[in-house]
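S.K.: this one's structure only:
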Ligand code: GDP
Ligand code: IMO
Ligand code: MG
């Protein structure tokens, strides 16, 4: 058994939650490490759909310890609502623990998120980022500026808590008023809210670091659930069209408080095509009937905001980049079934400079450079029939296997898992990361893991 990081390897919504839910059966602990309620993680179990925003996707198993780690940002309103909803469905939340180091998202963060987005659209340089509007960026801003309120601070004396809130609002109130002509709450209002949250969250908030290290010491197996995706990472994504945390594998270590030496495998989740929600570059985006097919058949609507996801072909350049910046030992390819019925598939194998014709397979830093590049495609025949009911990699149509083989070759890592539907069992496990299986252990090494 192993400690395994699951990360999004594109622009989010790759199907991370489905893979985490699947692998969680073999784990003892599931940890969310970064991001906040901007995440929308869908688990489908026996036809019932669960949409998690902060709760780790292991919660449907009664015996798993589910931790929301120190690198996350917590909206008390959202987590309390999620707890109420999941309990109403008959699931216990006694195994849920939230790090007292995680930062709190408060109403003024949400206001700031909104007014900053509005001002971006007014500013002549400012295209909107298309944030989820959940206050994520402003909460991380305060964390880095060292004026954030952490969950643990809720349990300080009234005097200390009030002093901290007064200090924060002495910065936020003038900023909101003068830069954005917006109002914020008073010190007393935020204080009252914090006291209420402190009581409601008391059973869950704790120092999670010893819990995690006790589990590691006892030889337990940990699954780290990434949120967002590599191209949304604050350092490695398509900045500034990114989120405000490290969605790459390193974020799982910093966001939970464990060292990289404790990780056995990192697995990236990629759709068999590409989607993006929100603004920003997307080289393989399709605005035609194929894009429409992917959007409709893939039911590509944002889990958190309900926005229509932009869709396009699989991009091998970002795939290779993701493998590099995450150190991926393998990938889970999801939604292969959505390609059923397409006569031809295109795979982006490189980018070509539209001025010079020069080709590259390296993802550029500057968006102005990216704007000079267009995708170079290889074409593959589609398959007849549906892959939805297939449960063994070898039984996939040859066209699907050829397509997947080329993906693995392009990105430079094996395919460990193939998903052909939202349910747990609609999956082909080629290499089991929880057993630390690797390409070299398997005879089928060429095409998959
Ligand atoms: P996450 O944020 O990465 O966890 O992904 P989301 O839950 O936001 O979006 C993925 C969507 O695809 C969800 O509706 C899943 O139920 C669905 N899904 C996951 N894997 C598959 C698959 O292999 N095939 C199909 N058709 N749907 C899938
Ligand atoms: P999961 O975990 C897809 C996008 C937003 C926006 C940008 C910044 O479900 O994959 P933010 O609110 O974080 O400041 O928005 O990031 N974004 C996501 N896109 N899936 C997500 O999470 C996302 N979380 C944020 O659409 O473009
Ligand atoms: Mg999602």
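M.R.: Thanks, I have it. On a predicted model such as this, the values are computed, not experimentally measured, just so you know. Ligands and ions are numbered 1, 2, ... in the order given.

S.K.: Look up the closest residue to the residue of the chain found nearest ligand 2, ignoring the ones flanking it.
M.R.: In the chain, the residue that lies nearest ligand 2 is residue 278 (2.1 Å; C-beta to the nearest ligand atom). Backbone N, C-alpha and C define where each C-beta goes, glycine included. Nearest residue to residue 278, sequence neighbours excluded (C-beta to C-beta, 6 or more residues apart in numbering): residue 130, at 3.2 Å.

S.K.: Quick one: residues contacting the one you found.
M.R.: Neighbour list for residue 130: 117, 241, 277-280, 307 [criterion: C-beta atoms under 8 Å, 6 or more residues apart in numbering].

S.K.: wait, does stretch 327-345 make contact with ligand 1?
M.R.: Yes: between stretch 327-345 and ligand 1, judged by C-beta under 6 Å from any ligand atom, the touching residues are 334-335, 337-338.

S.K.: If you rank these by neighbours, which is first?
M.R.: Neighbour counts for these (other C-beta atoms under 10 Å) peak at residue 334, which has 27 neighbours.

S.K.: measure the nearest residue to that one once chain neighbours are set aside to residue 291 for me?
M.R.: Closest residue to residue 334 apart from its sequence neighbours, by C-beta to C-beta, 6+ apart: residue 15 at 3.5 Å. The gap separating residue 15 from residue 291 is 19 Å, by C-beta to C-beta, to the nearest Å.

S.K.: Could you do residue 203 as well?
M.R.: 46 Å.

S.K.: more neighbours, those two?
M.R.: Between residue 203 and residue 291, residue 291 has the larger neighbour count (other C-beta under 10 Å), namely 19 against 13.

S.K.: Quick check: that one touching residue 313?
M.R.: No: in terms of C-beta atoms under 8 Å, residue 291 does not count as a neighbour of residue 313; the distance is 9.2 Å.

S.K.: Let me see the ranges of the strands in the stretch 1-150 of the chain.
M.R.: 4-8, 29-32, 41-45, 48-52, 65-68, 73-74, 96-99, 103-104 (DSSP state E, counting those that start in this stretch).

S.K.: now swap in the stretch 151-300 of the chain and tell me
M.R.: In the stretch 151-300 of the chain, the strands defined using DSSP E, counting those that start in this stretch lie at 205-206, 222-225, 265-271, 274-276.

S.K.: would a markdown table of the ones you listed with mean pLDDT, distance to residue 259 and mean neighbour count be doable?
M.R.: Below are the strands of the stretch 151-300 of the chain laid out as a markdown table (pLDDT from 0 to 100; distance: least, C-beta to C-beta, whole Å; neighbours: other C-beta atoms under 10 Å):
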| stretch | mean pLDDT | distance to residue 259 | mean neighbour count |
| --- | --- | --- | --- |
| strand 205-206 | 98 | 21 | 18 |
| strand 222-225 | 98 | 13 | 29 |
| strand 265-271 | 98 | 14 | 27 |
| strand 274-276 | 98 | 32 | 25 |
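
S.K.: how about JSON lines for those strands, with distance to ligand 2 added?
M.R.: Formatted as JSON lines, the strands of the stretch 151-300 of the chain follow (distance: least, C-beta to the nearest ligand atom, whole Å):
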{"stretch": "strand 205-206", "distance to ligand 2": "22"}
{"stretch": "strand 222-225", "distance to ligand 2": "9"}
{"stretch": "strand 265-271", "distance to ligand 2": "9"}
{"stretch": "strand 274-276", "distance to ligand 2": "7"}
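
S.K.: need those strands in CSV with distance to residue 345, can you?
M.R.: Converted to CSV, the strands of the stretch 151-300 of the chain look like this (distance: least, C-beta to C-beta, whole Å):
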stretch, distance to residue 345
strand 205-206, 48
strand 222-225, 30
strand 265-271, 13
strand 274-276, 12
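
S.K.: Can you check which of these gets nearest to ligand 1?
M.R.: Nearest to ligand 1, of all the strands of the stretch 151-300 of the chain, is strand 265-271, at 6.2 Å by C-beta to the nearest ligand atom.

S.K.: close to ligand 3, is that closest one?
M.R.: No: Strand 265-271 does not reach ligand 3 (C-beta under 5 Å from the ion); its nearest approach is 10.5 Å.

S.K.: isn't residue 12 right next to residue 228, touching?
M.R.: Yes: counting by C-beta under 8 Å, residue 12 touches residue 228, with 4.7 Å between them.

S.K.: Determine the residues that are contacts of both of those two.
M.R.: 39, 247.

S.K.: Just name whatever secondary elements the helix-or-strand element of the chain with minimal mean pLDDT is in contact with.
M.R.: Taking mean pLDDT, DSSP states H and E as the measure, the helix or strand of the chain with the lowest value is helix 107-122, at a mean of 93. For helix 107-122, the packing partners by 3 or more C-beta pairs under 8 Å, 6 or more residues apart in numbering; DSSP states H and E come out as helix 136-144, helix 158-174, helix 180, helix 187-201.

S.K.: What residues does this protein have near ligand 1?
M.R.: Near ligand 1, when you scan the chain using C-beta under 6 Å from any ligand atom, you find 8, 12-18, 40-42, 44, 303, 334-335, 337-338, 419-422.

S.K.: Include distance to residue 253 when you put the contacts of residue 130 into JSON lines, please.
M.R.: Putting those into JSON lines (distance: C-beta to C-beta, whole Å) gives the following:
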{"residue": "117", "distance to residue 253": "31"}
{"residue": "241", "distance to residue 253": "25"}
{"residue": "277", "distance to residue 253": "27"}
{"residue": "278", "distance to residue 253": "26"}
{"residue": "279", "distance to residue 253": "30"}
{"residue": "280", "distance to residue 253": "26"}
{"residue": "307", "distance to residue 253": "31"}
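
S.K.: As JSON lines, the residues you listed with neighbour count would be great.
M.R.: JSON lines is the format used below for the contacts of residue 130 (neighbours: other C-beta atoms under 10 Å):
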{"residue": "117", "neighbour count": "16"}
{"residue": "241", "neighbour count": "21"}
{"residue": "277", "neighbour count": "23"}
{"residue": "278", "neighbour count": "21"}
{"residue": "279", "neighbour count": "16"}
{"residue": "280", "neighbour count": "22"}
{"residue": "307", "neighbour count": "14"}
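
S.K.: Residue 138: which of these is nearest?
M.R.: Distance ranking of the contacts of residue 130 against residue 138, using C-beta to C-beta, places residue 117 first at 10.8 Å.

S.K.: quick one: that closest one and residue 131 touch, right?
M.R.: Yes: contact criterion C-beta under 8 Å: residue 117 and residue 131 qualify, at 5.9 Å.

S.K.: where does this protein have low pLDDT?
M.R.: For the chain, residues meeting the criterion pLDDT under 70 lie at 1, 123-125, 440-449.

S.K.: Leaving out chain neighbours, which residue sits closest to residue 258?
M.R.: residue 212 is the one closest to residue 258 (C-beta to C-beta, 6+ apart), at 6.1 Å.

S.K.: Any buried residues in stretch 90-102, and which?
M.R.: By 16 or more other C-beta atoms under 10 Å, the buried positions in stretch 90-102 come out as 91, 93, 95-102.
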